[in-house]
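Visitor: Give me the fold of what follows.
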Amino acid sequence: MSAPLPEDRAGAPLRAVVTGSDSGIGKAIAVALAGGGVDVGITSHADADGARDTAAQVRALGARAAVRPLDLTDLPDAAAVVDELAEELGGLDVLVNCAGTGSSQKALDMDFATWRSVLSVDLDGAFLCAQRAARHMIAWGRGGRIINITSVHEHQPRVGAAPYCAAKAGLGALTKVLALELAEHAITVNSVAPGEISTPMTGQEDVDPRTRPRPGVPLGRPGHAEEVAAVVAFLATPAAGYVTGASFVVDGGMTLMGPQASPLLPDRSWLEV
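Guide: Below is the predicted model of the structure:
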């Protein structure tokens, strides 16, 4: 059967948790969902001010906001924040796993602690949050949505990002497994894979991506966080009820450019971190 968004409960809004929603893509997703009337649970790791600003934007749109700190290096206990937010919001219909981290170091130079830290946040944390969210959705019995924010590196590698690429590829595969396992409960599970997006993570906070030329990207620029959020918002609607186990690449065509761009590289500097 298809998986509609959980039925309206006498006019009550839907409830979502968006991890890592203190800035960048996560903030844009929280605001986009609130614009559709969804109450939002917001988490942050270190930017409490950013989380409060997201909450203010959510409330300005007429939705409720609940805020919690979340440190996904403290597992498995930290994932209990999903339960806390679900309780405060009165249930849970949508989970967006957006919290993440990375590294910039070649694999041969990397210590195990760095490797494990990135995997813990980007893969273990997403798994545990999805597990807890799914249990709430199953208990409610009206289906739900789990949306994992991966990266183009779910599909393509990058020098100096071994644990990040491994985690995002793993999260993409986990997305497909969960799509199979949770379908009987009318829960859809999909991933959204952004390319270069103008956010604090890419050193482009409050930058208009149209002012940053990217000749190697077919659309010629980085993306805006709102362009990623729009895809996530679609996946949370009844219109996406028959979509599950899919990965939506939002990269301006970047991942299409391997065979086209590689002959144009003048030297081997791409091997440097």
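
Visitor: So the residue nearest to residue 214 when sequence neighbours are not counted: helix, strand or coil?
Guide: Distances taken as Cβ to Cβ, 6 or more residues apart in numbering put residue 221 closest to residue 214, at 5.5 Å, once the chain neighbours are dropped. No exception for glycine: its C-beta is placed from N, CA and C like everyone else's. Secondary structure, DSSP: H, G, I helix; E, B strand; the rest coil: residue 221 is coil.

Visitor: where's residue 221 relative to residue 252, distance?
Guide: Separation of residue 221 from residue 252 (Cβ to Cβ, to the nearest Å): 7 Å.

Visitor: which residues do those two both contact?
Guide: Contact criterion Cβ atoms under 8 Å, 6 or more residues apart in numbering; residues shared by residue 221 and residue 252: residue 214.

Visitor: More neighbours: these two, which one.
Guide: Shown here are residue 221 and residue 252; by other Cβ atoms under 10 Å, residue 252 has more neighbours (22 against 17).

Visitor: Okay, helices next: where are they in this structure?
Guide: 24-35, 48-60, 81-89, 112-119, 125-140, 162-182, 225-235, 258-261 (DSSP state H).

Visitor: list the contacts for the residue lying closest to residue 69 once chain neighbours are set aside?
Guide: Of all residues not flanking residue 69 in the chain, residue 44 sits nearest, at 6.3 Å (Cβ to Cβ, 6+ apart). Shown in contact with residue 44 (Cβ under 8 Å, 6+ apart): 20-22, 50-51, 67, 69-70.

Visitor: Mind doing that once more with 7 Å?
Guide: Residues in contact with residue 44 (Cβ atoms under 7 Å, 6 or more residues apart in numbering) are 22, 50-51, 69-70.

Visitor: returning to that earlier point: now render the helices of the chain as a markdown table, adding mean neighbour count, mean pLDDT and distance to residue 241.
Guide: Converted to a markdown table, these look like this (neighbours: other Cβ atoms under 10 Å; pLDDT from 0 to 100; distance: least, Cβ to Cβ, whole Å):
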| stretch | mean neighbour count | mean pLDDT | distance to residue 241 |
| --- | --- | --- | --- |
| helix 24-35 | 26 | 96 | 17 |
| helix 48-60 | 18 | 97 | 24 |
| helix 81-89 | 20 | 97 | 22 |
| helix 112-119 | 14 | 97 | 32 |
| helix 125-140 | 21 | 97 | 14 |
| helix 162-182 | 20 | 98 | 13 |
| helix 225-235 | 21 | 97 | 10 |
| helix 258-261 | 10 | 90 | 34 |
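
Visitor: Let me know how buried residue 262 is, in neighbour terms.
Guide: Neighbour tally, residue 262, other Cβ under 10 Å: 9.

Visitor: I misspoke; the intended subject was residue 151.
Guide: 27.

Visitor: Could you measure from the spatially closest residue to residue 126 that is not a sequence neighbour over to residue 215?
Guide: Using Cβ to Cβ, 6+ apart and skipping the chain neighbours, the partner closest in space to residue 126 is residue 97 (4.1 Å). Separation of residue 97 from residue 215 (Cβ to Cβ): 32 Å.

Visitor: Could you identify the most distant pair in the contacts of residue 44?
Guide: The span of the contacts of residue 44, defined through Cβ to Cβ, is set by 50 and 70 at 12.7 Å.

Visitor: re the thing from before, more neighbours, residue 97 and residue 215?
Guide: More neighbours surround residue 97 than the other of residue 97 and residue 215, with 30 against 9 (other Cβ under 10 Å).

Visitor: picking that back up, and the residue nearest to residue 126, what is it in contact with?
Guide: Residue 97 is in contact with 19, 126, 129-130, 148-149, counting by Cβ under 7 Å, 6+ apart.

Visitor: Would you reformat the residues you listed as CSV and include distance to residue 138?
Guide: Output for the contacts of residue 97, formatted as CSV (distance: Cβ to Cβ, whole Å):
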residue, distance to residue 138
19, 20
126, 18
129, 15
130, 12
148, 18
149, 23
